[in-house]
Structures are given as structure tokens and as C-alpha cells.
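[1] coords please:
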Amino acid sequence: MFETTKALVLREVKYKEADRILTLFTADNGKITAKARGALRKSSKTGAATQLLTYADMTLFFNKGKWTVNEASVIESFDGLKTDIERFALGSYFAECAEALSVEDQKDGELLSLVLNSLYALSRGMYDARKIKAAFELRLMSLSGYRPAAEHCSACGREDVEGPVFDLLNGCVFCRKCSRSGSTVTLDDASLAAMRFVLDAPPKQLFSFDIAGDSLVSLAFAAENYLLTQTERNFGTLDYYKQFR
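    Numbers count the residues shown, from 1 in each chain. Down below sits the predicted model:
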């Protein structure tokens, strides 16, 4: 059975002499594993389109429970990532997060759009990389069922949260007076407002918020550590990215 779809390469592994084993995030089937035969040969017609962090039109063949890439052509190669090692490392982290939190063979257009939009903004240097990363992490967690409760203080119910504190373990916000001991991050008005914006913004406006200085530092720290706390795992690509920060 042949199927044509759009796919983002989340991971590539060399197999034998010239093949690639790919983790693809497809528009029609979600996350799948596929083999790209001969993709590492110089003469390969699928080589460019089966590289890590490449979005492509692909014709896939499904047989006996396995996918094979039959044809592939590049839609978006995110060249700004391929020429900047720090951006490439961060883009690889986005891909690893998507691979970890997506479900095999389950279509998820919202998550695919999030990854693509984040890679596009990062590739073109449209915003501060820390801002893109924080927005990606928070929205990813929301789409994956870990949406933090940031609308009001989880203890007293006030929307006007004074001295906001973000509880990483329970995924909720407390005001300073109601805060509890444990794994928490202190926010300010600007970082809390940005968090609320990211959780509800239309996809195309995800990065359309203003934040800088200490507020951006707080938001970035909260977003990253919330993801790490909730997923209970480490990401090798994140450690690699931090070498360049």
C-alpha cells in the first residue's frame, strides 16, 4: 500500500551502509518509523528530504507492518538551523520532545504545527531563542495533557495573583501568601501574563507577546523545569544545547 503525506524528520539513524531509519511525524498518521533505503548514497533522490529537521512530501510504502520511503522531496529544510550549531541543537531538542510526547500512529495536527512553527521561527531568527523555547515547551505540555493551571491562585482563587509562584510538581500557580514549600519557581507579573498568553493564543500568534530581561529568564526557567518535572526524564539534546549557552 502506497501513501503520500507530508512528514517532518524527528530522528535519523544510519542503518547498514547507506540506509536511514527515520522517526517521522506525518500529517496523516502521526509518529511512525520508516526506512529510507540508500538515502546516504550521493546519488540518492531521497537523501536531502530524509535528513533530520527536514519537512518533506513523501510517498511511503506500507507492507507487513513496516513503512519504507519510496519518494521524497523537500518542502522546508530550515536552512537557518543547518548553518548555526546552537539553533540546530535547540531544534533537535524540539524534535526529541515531540518524539517523546507524541503517540505512535496517532494523528496530531496541532502538535505537528507547533513543532513546524517553532522550527520556522527559530530558523529565521524571528524572536529570542529563549522565548521560542519557553513558548514551545509550555504549549507542548498543554497539548500533551499537562496544561498548567495558571488562570488564578489555586488556593485562594484570585486571578490577580500577587507575587506569583509556579508549582512545578502540581502544575499550578499560587500567590505569595498561599505558596507552599516544594519544587517552585518565582514568577513576576510579566512572566505569568506570558504564560497565560502562550497557553491560549491562536497557533499563528504563539510568539506574539513581549517579554525581556528577568521576566524572560523566569519564564524560560519555569517552562523548561515544568517539562522536565512532568516528563520525569532527561533530554540529551537539551544538555547539548546548553553547552552553547
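[2] Which pLDDT value does the model give the residue lying farthest from the centre of the chain?
    Within the chain, the residue lying farthest from the chain centre (Cα atoms, centre = their mean) is residue 177, at 33.9 Å. pLDDT for residue 177: 93.
[3] for residue 244, same thing?
    Note for residue 244: predicted pLDDT of 89.
[4] Three-state assignment for the residue farthest from the centre of the chain, please.
    Following DSSP: H, G, I helix; E, B strand; the rest coil, residue 177 is assigned to coil.
[5] again, but for residue 133
    Secondary structure of residue 133, per three-state DSSP, is helix.
[6] ok, it - contacts?
    90, 93, 220, 223, 224 (Cβ atoms under 8 Å, 6 or more residues apart in numbering). For glycine as for every other residue, the C-beta is placed from the backbone atoms N, C-alpha and C.
[7] Equivalent analysis for residue 192, please.
    Contacts for residue 192 (Cβ under 8 Å, 6+ apart) come out as 150, 161, 164, 166, 173.
[8] Looks to me like it is in a strand.
    No - the assignment for residue 192, made by three-state DSSP, is helix rather than a strand.
[9] I'd like the distance between it and residue 67.
    Taking Cβ to Cβ, to the nearest Å as the measure, residue 192 and residue 67 are separated by 43 Å.
[10] wait, the residue farthest from the centre of the chain sits on residue 165?
    No - applying Cβ atoms under 8 Å, one finds residue 177 not in contact with residue 165, separated by 9.9 Å.
[11] In terms of pLDDT, where does the residue nearest to the spatial centre of the chain sit?
    Nearest residue to the geometric centre of the chain (Cα atoms, centre = their mean): residue 94, 3.5 Å. Listed pLDDT for residue 94 reads 98.
[12] Contacts for the strand or helix carrying it, please.
    Here residue 94, judged by DSSP states H and E, is contained in helix 85-101. Helix 85-101 has contacts (Cβ under 8 Å, 6+ apart) with 8-11, 23, 25, 31, 52-53, 78, 80-82, 111, 115, 118-119, 122-123, 125, 129, 132-133, 136-137, 140, 144, 227, 231, 233, 235-238, 240-241, 243-245.
[13] Quick check: buried residues in that helix?
    Neighbour counts over helix 85-101 (16 or more other Cβ atoms under 10 Å) mark 87-99, 101 as buried.
[14] So this protein: which segments form each domain?
    According to automatic domain parsing, the chain comprises the domains 2-77, 83-242.
[15] circling back to that earlier point, just checking, which of the contacts of residue 192 belong to strands?
    Taking DSSP state E as the definition of strands, these contribute 150, 166, 173.
[16] And those residues, which is closest to residue 46?
    Proximity of the ones in strands among the contacts of residue 192 to residue 46, judged by Cβ to Cβ, is greatest for residue 150, which lies at 43.6 Å.
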